[in-house]
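Visitor: got a sequence here, can you model it:
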Amino acid sequence: MKIEQIYTGCLAQGAYYIESNGEVAIIDPLRETQNYVDKANARNAKIKYIFETHFHADFVSGHIDLAKKTGATIVFGPKATTSYDIHSANDGEHFQLGNITIKVLHTPGHTLESTTYLLIDENGRDHAIFSGDTLFLGDVGRPDLAIKSDLTKEDLAAMLYDSLRTKIMTLADDVIVYPAHGAGSACGKNLSKETVGTIGEQKRTNYALREDMTKEEFVKEVLTGIAPPPQYFSKNAMLNKTGYKTFEQVLQTGNIPLDPETFEAMANHEEALVLDVRTEQEFVKGHIPNSIFIGLNGSFAPWVGALITDLKQPIILVVPEGKSKETVTRLSRVGYDNTLGYLKGGIDAWKKSGRDIETLESIGAEDFSKIAKNELVNVLDVRKDGEYKSTHLENAQHFALDYINDNMNDVSKDKTYYIHCAGGYRSVIAASILKARGFDNLVDIAGGFGALKTTDLPMTDYVCPSTL
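Guide: Numbers count the residues shown, from 1 in each chain. Below is the predicted model:
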């Protein structure tokens, strides 16, 4: 028996390759599927099943493409309905894979069809669970994504409580837990950086698995502190239900070199969004007017999903040398399939063509400190809510990047804004969006709050209302 976790850091997502006696199952595959096929072929094995733990909202799964390539059966849990052929399994159903068995444990709560897959080894022992978004290490899946007119998040949270206690906590402590996500995913609020654990560890350390916890306490604690889901979640879930272009099609139409003239024409006449994926330092020094920065060196795909509101938006790319294929791939993972090409020769080719280049003013924390001590300044803190509440500069305006599209009325084009995040990545994203929308008086604080903390500027700590 072979179990391999294939972890993608940008999405904080774990897919799984399971093999026994020449037969393979893939759990929650990524959009690009050829690597799974190649892995099985290299071992002279055949992919028999593709198990989906639920309709993913944070990425587009590769299950449809993989089934077409291999003839494998796509398996979802009970109550799953799709626009393509699947096997909707019954609770408790068994699937034979070589010398091992995969048992279906229907665990609704994160979504209605959410399912945990229990691997029973060659000796008939419960070996591991692939828990999807039902159970993470340190947390459980958010129960607010499958709300319907007759179903509230409280209803789903109550279902999740029952699923955990009747299907998961009854398993032996030594059963291994393989979750779908780790720290950095928006599918939970307190995920561990670890990506493999055991039932016993989770019973001891996971707040949601406390034995003395009532259902009412569970519902309250699980729902407390959940940020609204990113706008692309519901759209990705729908793609996973209804289908999508093949990854090969997306790559073929998106990984096309464009000369500066063609690139400019697409931006001006086809309303293509110019997406610059270089580093924040490179963007600050010089970029194409009206381009948006979201760098490959950060949480690229989730930020694209949070900030670009139309999955069908035509996109043209400014990429580092040799990174066009990777960029198109990572965009497709979250459903952005309408990339039209990339600037051949990069920003240097744009400069050589004589076209305009813009820069973004950026200063260090010490220089900002000197300015702030001598004049009244407007500071935009674009970190997340929890980061801001923990501690922030006195009088800084909270302007979370996650919700920038909803809060544009909170800023004025007549003011000069100094912008910072934690380290410099998110502040340049925010500045690029504001700049493209006509905000000309922007200054990025390089190094972000990490650098600002080393100055003697006054800070404000959050005070919990319960202590007042």
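
Visitor: mind checking how far whatever helix or strand residue 251 lives in is from the chain centre?
Guide: Assigned by DSSP states H and E, residue 251 belongs to helix 247-254. Mean-position distance between helix 247-254 and its chain equals 21 Å (CA atoms, centre = their mean, to the nearest Å).

Visitor: now the end-to-end length of stretch 265-277.
Guide: End-to-end distance for stretch 265-277, by CA to CA, to the nearest Å: 20 Å.

Visitor: same deal with stretch 180-199?
Guide: End residues of stretch 180-199 are separated by 15 Å (CA to CA).

Visitor: for that stretch, what is the average pLDDT?
Guide: Computed over stretch 180-199, the mean pLDDT rounds to 91.

Visitor: same thing with stretch 72-82?
Guide: The average pLDDT for stretch 72-82 rounds to 96.

Visitor: over to stretch 402-420?
Guide: Throughout stretch 402-420, pLDDT has a mean value of 96.

Visitor: now the terminal residues of that stretch, how far apart.
Guide: One end of stretch 402-420 to the other measures 14 Å (CA to CA).

Visitor: list the buried residues of that stretch.
Guide: Residues of stretch 402-420 classed as buried: 402, 403, 404, 411, 417, 418, 419, 420 (neighbour count, 16 or more other CB atoms under 10 Å). In this view, the C-beta of every residue, glycine as well, is placed from N, C-alpha and C.

Visitor: mind giving me the domain split of the chain?
Guide: Here the domain assignment for the chain is 2-234, 245-352, 361-467, based on automatic domain parsing.

Visitor: pull the helix or strand with minimum mean pLDDT from the protein.
Guide: strand 459-461 (a mean of 88; mean pLDDT, DSSP states H and E).

Visitor: related to what we said a few turns ago, which of the buried residues of stretch 402-420 lies closest to residue 370?
Guide: Among these, residue 418 lies closest to residue 370 (CB to CB), at 12.3 Å.

Visitor: residues contacting that closest one?
Guide: The contact partners of residue 418, taken as CB atoms under 8 Å, 6 or more residues apart in numbering, are 368, 371, 372, 377, 378, 379, 380, 443, 444, 445.

Visitor: neighbours around the closest residue to residue 259 other than its chain neighbours, how many?
Guide: Excluding its sequence neighbours, the residue lying closest to residue 259 (CB to CB, 6 or more residues apart in numbering) is residue 344, at 5.9 Å. For residue 344, the number of neighbouring residues by other CB atoms under 10 Å comes to 14.

Visitor: what does residue 227 give?
Guide: 14.

Visitor: and for residue 82?
Guide: Close neighbours of residue 82, defined as other CB under 10 Å, add up to 18.

Visitor: can you tell me how far it is from residue 243?
Guide: 8 Å (CB to CB, to the nearest Å).

Visitor: where does the protein have low pLDDT?
Guide: Residues of the chain meeting the criterion pLDDT under 70: 462-468.

Visitor: tell me the contacts of the residue located most distally from the centre of the chain?
Guide: Centroid-distance maximum for the chain: residue 374 at 41.1 Å, with CA atoms, centre = their mean. Not one residue lies near residue 374 by CB under 8 Å, 6+ apart.

Visitor: do you have the helices of the stretch 351-468 of the chain handy? List them.
Guide: 365-374, 385-390, 425-436, 448-452 (DSSP state H, counting those that start in this stretch).

Visitor: okay, these, which one's buried deepest?
Guide: Highest mean neighbour count of the helices of the stretch 351-468 of the chain: helix 425-436, a mean of 23 (counted as mean count of other CB atoms under 10 Å).

Visitor: elements contacting it?
Guide: Secondary-structure packing of helix 425-436 (3 or more CB pairs under 8 Å, 6 or more residues apart in numbering; DSSP states H and E): helix 280-285, strand 292-293, helix 300-307, strand 417-420, strand 442-445.

Visitor: now the ones you listed in a markdown table, with distance to residue 216?
Guide: Below are the helices and strands packed on helix 425-436 laid out as a markdown table (distance: least, CB to CB, whole Å):
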| stretch | distance to residue 216 |
| --- | --- |
| helix 280-285 | 45 |
| strand 292-293 | 45 |
| helix 300-307 | 32 |
| strand 417-420 | 41 |
| strand 442-445 | 45 |
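
Visitor: out of the ones you listed, the one nearest residue 178 is which?
Guide: helix 300-307 (21.5 Å).

Visitor: who touches that closest one?
Guide: For helix 300-307, the external contacting residues (CB under 8 Å, 6+ apart) are 10-11, 58-59, 184, 186, 230-233, 236, 275, 277, 292, 294, 330-331, 333-336, 401-402, 404-405, 426, 429, 433.

Visitor: stretch 235-247 now?
Guide: Residues contacting stretch 235-247 (CB under 8 Å, 6+ apart): 31-33, 52, 55-65, 68, 81-84, 145, 305, 311, 329, 332, 334-335, 337.

Visitor: who's in contact with residue 296?
Guide: Residues in contact with residue 296 (CB under 8 Å, 6+ apart) are 277, 278, 319, 320, 323, 326, 327, 330.

Visitor: sorry, slip of the keys, the one I care about is residue 18.
Guide: Residue 18 neighbours (CB under 8 Å, 6+ apart): 1, 2, 3, 4, 24, 25, 26, 27, 97, 100, 102, 119.

Visitor: what is the neighbour count of the closest residue to residue 179 other than its chain neighbours?
Guide: Spatial nearest neighbour of residue 179, excluding adjacent residues (CB to CB, 6+ apart): residue 136 at 4.7 Å. Neighbour count of residue 136, defined by other CB under 10 Å: 31.

Visitor: how near is residue 136 to residue 83?
Guide: Residue 136 is 29 Å from residue 83, by CB to CB.

Visitor: what's the neighbour count on residue 422?
Guide: 18.

Visitor: how about the backbone phi and psi for it?
Guide: phi -80, psi -40 (degrees, to the nearest 10).

Visitor: for the stretch 151-300 of the chain, just list every one of the helices.
Guide: Under DSSP H, counting those that start in this stretch, the stretch 151-300 of the chain gives helices at 153-163, 199-205, 215-223, 232-242, 247-254, 260-269, 280-285, 300-307.

Visitor: what are the C-alpha coordinates of the third one, in PDB please?
Guide: Read that as helix 215-223. Listed next in PDB are the C-alpha coordinates belonging to helix 215-223 (Å, rounded to 0.1, in the frame of the first residue of the first chain):
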ATOM      1  CA  LYS A 215     -24.000  21.000  20.500                       C
ATOM      2  CA  GLU A 216     -25.000  24.600  21.400                       C
ATOM      3  CA  GLU A 217     -21.500  25.400  22.500                       C
ATOM      4  CA  PHE A 218     -20.100  23.800  19.300                       C
ATOM      5  CA  VAL A 219     -22.400  25.900  17.100                       C
ATOM      6  CA  LYS A 220     -21.400  29.100  18.800                       C
ATOM      7  CA  GLU A 221     -17.700  28.500  18.800                       C
ATOM      8  CA  VAL A 222     -17.500  27.200  15.300                       C
ATOM      9  CA  LEU A 223     -19.400  30.200  13.900                       C
END
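
Visitor: nearest to residue 224, out of the helices and strands packed on helix 425-436?
Guide: Of the helices and strands packed on helix 425-436, nearest to residue 224 by CB to CB is helix 300-307, at 21.9 Å.
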